[in-house]
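Chemist: A structural model of the following input is requested.
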Amino acid sequence: MDTLAGFGLLLVDDHPLFRDSFVMAMRQLASGADLAAVATRAQASEILGTQPDRFDLVLIDYKLPGTNGLICATELRCRHPAIGFGLISGEDDPLLPHRAREAGLVACLSKSQEMNGLLESLQSLARGGTAFADFQGSGHAEAANADFGLTLRQMDVLRLLASGASNKVIAQSLGISPATVKNHLDAIFEKMGVANRLQAVMLARVALR
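Modeler: The predicted model follows:
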């Protein structure tokens, strides 16, 4: 039985590549879930106001422009007490999970977690539990302080990838061909030990912050 069947999840994250990739990956891993994503607090407020019964959980990026996710989650939770709210963050702040608990949130997840780990956290939340990552000792703490053995050009490609740029935009920005970009990405994925763009972006957002 799919634990996430019928589970409504709203992701609030201004980073387009992470936002879209997260939803795409979760749709593959949890096809029965009802997934949606928006970029801003205003958009989240609007969709929650028009579809108040659709979502069971709202995950908000801690580094949301114009505010922080903790404030945003607290404000929205007051308006929608029947919905669970949580944070998702690339910050390696060991105090963040504690602050999230104190604010009454049900989750504080790390963007450096593997997708299967995030899926397990969501399954726990769907069963009525909570999910708080150990930011001090989990994820890719060692890799966050390393360059993964990448060349300077590969680091340039990775930074653009993490900013949400497509292969075409990366090629134009660096004055190289799309085929060369693809070759660089293949090498980057291998050196970082990841399988796809989503995993690379999730790790890069921690490593390059």
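Chemist: where along the chain do the strands fall?
Modeler: 8-12, 34-38, 57-61, 84-89, 107-110, 131-132 (DSSP state E).
Chemist: closest to T151 out of those strands?
Modeler: Nearest to T151 among the strands of the chain is strand 107-110 (27.6 Å), distances taken as Cβ to Cβ. Using the backbone N, CA and C atoms, a C-beta is placed for each residue, glycine as well.
Chemist: and for that closest one, what's in contact with it?
Modeler: 57, 59, 84-90, 96-97, 100-101, 118, 121, 125, 130-133, 135, 138-139 (Cβ atoms under 8 Å, 6 or more residues apart in numbering).
Chemist: helices and strands of the chain: which one bottoms out on pLDDT?
Modeler: The helix or strand of the chain with the poorest confidence is helix 141-144; it has a mean of 38 (mean pLDDT, DSSP states H and E).
Chemist: please parse this structure into its domains.
Modeler: 8-132, 141-207 (automatic domain parsing).
Chemist: columns distance to D2 and mean neighbour count on top of these, output as a markdown table?
Modeler: A markdown table is the format used below for the domains of the chain (distance: least, Cβ to Cβ, whole Å; neighbours: other Cβ atoms under 10 Å):
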| stretch | distance to D2 | mean neighbour count |
| --- | --- | --- |
| domain 8-132 | 4 | 18 |
| domain 141-207 | 21 | 17 |
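Chemist: which of the ones you listed comes out lowest on mean pLDDT?
Modeler: With a mean of 79, domain 141-207 has the lowest mean pLDDT of the domains of the chain.
Chemist: tell me if I'm right that I60 and I71 touch.
Modeler: No: taking contacts as Cβ atoms under 8 Å, I60 lies outside contact range of I71: 9.6 Å.
Chemist: give me the common contacts of those two.
Modeler: Common contacts of I60 and I71, defined by Cβ under 8 Å, 6+ apart, are absent altogether.
Chemist: got the contact list for stretch 50-66?
Modeler: Here stretch 50-66 makes contact (Cβ under 8 Å, 6+ apart) with 7-15, 34, 36, 40-41, 44, 47-48, 68-70, 72-73, 76, 80, 82-91, 96, 106-107, 109, 122, 125-126.
Chemist: that older thread, could the strands of the chain be laid out in TSV, adding distance to A165?
Modeler: Shown next, in TSV, are those (distance: least, Cβ to Cβ, whole Å):
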stretch	distance to A165
strand 8-12	20
strand 34-38	19
strand 57-61	19
strand 84-89	22
strand 107-110	23
strand 131-132	31
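Chemist: quick one: closest of the ones you listed to D20.
Modeler: The nearest among the strands of the chain, by Cβ to Cβ, is strand 34-38 at 7.1 Å.
Chemist: helices of the chain, start to end?
Modeler: 16-29, 41-50, 69-79, 96-102, 115-126, 141-144, 152-162, 167-174, 178-192, 197-207 (DSSP state H).
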